[in-house]
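Enquirer: structure for the following, please:
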Amino acid sequence: MADKIFRVNMTDLTTTIEDVPENWAGLGGRGLTSTIVGAEVVPTCHPLGEKNKLVIAPGLLSGTIAANSGRLSIGAKSPLTGTIKESNAGGTAAQLLARAGCKALIIEGLPKKECWYSIALTPDSLTISEESELGGKGNFAVLKTLESRSEARQAVLTIGQAGEMKLASANISIKDPDGNLRSSGRGGLGAVMGSKKIKFITVEPGDGKVAIANPDKFTAANRVFAKALMDHPITAGLGQFGTNVLVNIVNEAGGLPTRNFTEGQFDGHEAISGETMHDIIVERDGTPKHNCHAGCVIQCSQIYNDADKKKLTAGFEYESIWAMGADCCVDNLDHIAEADRIMDDIGIDTIETSVAMGVAMEAGVLEFGDGEGILKILQEDVTKGTGLGRIIGSGAGAVGRAYGVTRVPVVKNQSIPAYDPRAVKGMGITYATSTQGADHTMGYTVTANILGVGGNVDPLSKEGQIQLSRDLQIATAAIDSTGMCLFIAFAALDDEKCLPALVDMLNARFDIALTMDDVVALGQSILKTERAFNIAAGFTAADDRLPDFFYTEALPPHNVVFDFTDEEMATFWDF
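Expert: So this is what the prediction gives:
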């Protein structure tokens, strides 16, 4: 079964299934979404207007037995940043889209009728239907209703109330193998889906399978690759304590942004740490190891139960816990977990929304440490779309503008997450130069800055940071194109067998002869495509910098500032 491009036009409610253009054939995931957005979206268009397009693409290895290959890329022009955007998530959608023969799903235009729609994709059909029941409902109600409507194995992509209201922080949520939600967060792509009046998308692969040109070589390479992932000490730690293992580590390094980025350490860090979270999960009969997609060998996700041992939330991530925890000075994991559940249900980015709460605390809207106050605002304001709720739901930049706050930790209007760029300078380079606004996943220099993976680069020194961020941003763009989880990078940086095994899988899958140089060239090409879109949209080198306070306010305990000049930052693009 040859892969196809599935296209939906919401203006005239038509669908087509097209052959894959030759110049898209070797692309997948982020490489494909950014290429299509770059080719088909007018860079100066309004992100919520008819000229923006939503592009959904599985990775090059999605749908195969390759370990950790179930990540999905969703692209568009971002309503939050105004830049090109790729948002990445687990769940079942990437694998089932690949098995349905979908190279990419492209959704364009705006409907003329004021109603909600759904899209159903199978290997040989694409159907648009009016949806009269689920408008205004949260994501959990959508999943429950769809389970009652069909017993077929299907992937679900859905928006909650935040996407319906077109809030700039709205997610697209994806069902995982156990019926939990995974978020394509950051950048507000749920608002783009909401602007097109699409409440949910289902994918049924039928009996479709992904063709492997050389199955024996593929299986052998996957065996080497999976072993490298399982043997690495960092991925082992992630499997035990989740990504939240980083709270104590980053706090010790003095880079844990606290009280709206005024300090680098949080007195309540132990109460919200991965170790404490693990003990609570075990005590309450939760699930400390869980996978966000089939085939994951790391299993850094988990199921967190409440005091009555009932499921409260799933996929409780470090960046989300940090944002409401240290940044807002909340040291109650149950409050943070409840907020995580609410934000999953309404479909809004947990990082952006929690950092927005921190800015609101600085503005005096509520007190630092007021976890119950955050829950109240989420339930009574954001979910219901009050004036305050819409400001919070539009991100930290919107809160700063509304209340006249000057310490607003954003780049290109997107909140800086979880690692203070003054104490982890490589992350400052990534935040400033990323084509998609501040985003730790674009070039995760914490590897060498903090964890000693792939070498050691002093996080407080300027030396080597630009090269480190550049190399990781290039590598990340390529990894995002394969459908692989970003956490394969730990093994890839330290185990000399890991990356060659990944390349061997790509070669065996498609009967091609890629080299490591080709992988680097792919990553570079993706970054250049994304940057060209941003330049055409009006962005300049002046946008590739951090907010002023990072250069002037010294961060305790190291009392350091971000001290790169604009001229030094501009050298990032010397490739």
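Enquirer: any regions of this protein where pLDDT drops low?
Expert: Applying pLDDT under 70 to the predicted model, the residue ranges of the chain that meet it are 1.
Enquirer: domain ranges for it?
Expert: Structural domains annotated on the chain: 4-203, 212-239+422-575, 242-420, as defined by automatic domain parsing.
Enquirer: what segments of the stretch 451-575 of the chain are helices?
Expert: Per DSSP state H, counting those that start in this stretch, the stretch 451-575 of the chain has helices spanning 465-482, 488-494, 498-510, 516-537, 549-552, 566-570. These are given in chain order.
Enquirer: make JSON lines out of those and add distance to residue 150.
Expert: Heads up, the C-betas are built off the backbone N, CA and C, glycines and all. As requested, these are exported to JSON lines (distance: least, Cβ to Cβ, whole Å):
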{"stretch": "helix 465-482", "distance to residue 150": "31"}
{"stretch": "helix 488-494", "distance to residue 150": "34"}
{"stretch": "helix 498-510", "distance to residue 150": "31"}
{"stretch": "helix 516-537", "distance to residue 150": "36"}
{"stretch": "helix 549-552", "distance to residue 150": "50"}
{"stretch": "helix 566-570", "distance to residue 150": "51"}
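Enquirer: reformat these as a markdown table; add mean neighbour count and distance to residue 377.
Expert: Written out in a markdown table, the entries for the helices of the stretch 451-575 of the chain read as follows (neighbours: other Cβ atoms under 10 Å; distance: least, Cβ to Cβ, whole Å):
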| stretch | mean neighbour count | distance to residue 377 |
| --- | --- | --- |
| helix 465-482 | 24 | 33 |
| helix 488-494 | 23 | 36 |
| helix 498-510 | 22 | 44 |
| helix 516-537 | 18 | 32 |
| helix 549-552 | 16 | 25 |
| helix 566-570 | 13 | 36 |
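Enquirer: who wins for proximity to residue 117 among these?
Expert: helix 516-537 (27.6 Å; Cβ to Cβ).
Enquirer: mind exporting the closest one as PDB, just the C-alpha atoms?
Expert: The C-alpha trace of helix 516-537 is given here as PDB (Å, rounded to 0.1, in the frame of the first residue of the first chain):
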ATOM      1  CA  MET A 516      25.200  10.100   9.100                       C
ATOM      2  CA  ASP A 517      26.000  13.100   7.000                       C
ATOM      3  CA  ASP A 518      22.600  12.800   5.300                       C
ATOM      4  CA  VAL A 519      20.900  12.900   8.700                       C
ATOM      5  CA  VAL A 520      22.800  16.100   9.600                       C
ATOM      6  CA  ALA A 521      21.900  17.600   6.300                       C
ATOM      7  CA  LEU A 522      18.200  16.800   6.900                       C
ATOM      8  CA  GLY A 523      18.300  18.600  10.200                       C
ATOM      9  CA  GLN A 524      20.000  21.600   8.800                       C
ATOM     10  CA  SER A 525      17.500  21.800   5.900                       C
ATOM     11  CA  ILE A 526      14.500  21.700   8.300                       C
ATOM     12  CA  LEU A 527      15.900  24.600  10.400                       C
ATOM     13  CA  LYS A 528      16.600  26.600   7.200                       C
ATOM     14  CA  THR A 529      13.100  26.000   5.900                       C
ATOM     15  CA  GLU A 530      11.600  27.100   9.200                       C
ATOM     16  CA  ARG A 531      13.800  30.200   9.500                       C
ATOM     17  CA  ALA A 532      12.900  31.200   5.900                       C
ATOM     18  CA  PHE A 533       9.200  31.000   6.800                       C
ATOM     19  CA  ASN A 534       9.800  33.200   9.900                       C
ATOM     20  CA  ILE A 535      11.800  35.800   8.000                       C
ATOM     21  CA  ALA A 536       9.000  36.000   5.400                       C
ATOM     22  CA  ALA A 537       6.500  36.400   8.300                       C
END
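Enquirer: give me the contacts around it.
Expert: Contacts of helix 516-537 with the rest of the structure, by Cβ atoms under 8 Å, 6 or more residues apart in numbering, involve 30-31, 34-35, 37-38, 41, 43-44, 77, 82-84, 435-436, 473-478, 480-481, 499-500, 503, 543, 573, 575.
Enquirer: separation between the residue sitting furthest away from the middle of the chain and residue 28?
Expert: Ranked by distance from the centre of the chain (Cα atoms, centre = their mean), the top residue is residue 216, with 33.0 Å. Separation of residue 216 from residue 28 (Cβ to Cβ, to the nearest Å) stands at 23 Å.
Enquirer: cool, residue 55 as well?
Expert: Look at residue 55 and residue 28: by Cβ to Cβ, they are 12 Å apart.
Enquirer: next one: residue 507
Expert: Noted for residue 507: a distance of 14 Å to residue 28, by Cβ to Cβ.
Enquirer: kindly report the same for residue 109.
Expert: If you measure residue 109 against residue 28 using Cβ to Cβ, the figure is 25 Å.
Enquirer: do residue 155 as well
Expert: Spatial separation of residue 155 from residue 28 under the definition Cβ to Cβ is 17 Å.
Enquirer: can you give me the strands in the stretch 51-200 of the chain?
Expert: In the stretch 51-200 of the chain, strands defined by DSSP state E, counting those that start in this stretch lie at 53-58, 72-77, 84-89, 102-108, 116-122, 125-131, 155-158, 172-175, 181-184, 198-203, listed in chain order.
Enquirer: can you add mean neighbour count and distance to residue 317 and give those back as TSV?
Expert: Rendered in TSV, the data for the strands of the stretch 51-200 of the chain read as follows (neighbours: other Cβ under 10 Å; distance: least, Cβ to Cβ, whole Å):
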stretch	mean neighbour count	distance to residue 317
strand 53-58	28	22
strand 72-77	29	17
strand 84-89	28	12
strand 102-108	23	26
strand 116-122	21	28
strand 125-131	15	30
strand 155-158	26	19
strand 172-175	29	14
strand 181-184	26	9
strand 198-203	25	23
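Enquirer: make a markdown table from those strands and add distance to residue 516 to it.
Expert: Compiled in a markdown table, the strands of the stretch 51-200 of the chain are given as follows (distance: least, Cβ to Cβ, whole Å):
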| stretch | distance to residue 516 |
| --- | --- |
| strand 53-58 | 23 |
| strand 72-77 | 22 |
| strand 84-89 | 23 |
| strand 102-108 | 25 |
| strand 116-122 | 35 |
| strand 125-131 | 38 |
| strand 155-158 | 32 |
| strand 172-175 | 31 |
| strand 181-184 | 29 |
| strand 198-203 | 33 |
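Enquirer: many thanks, have a good one.
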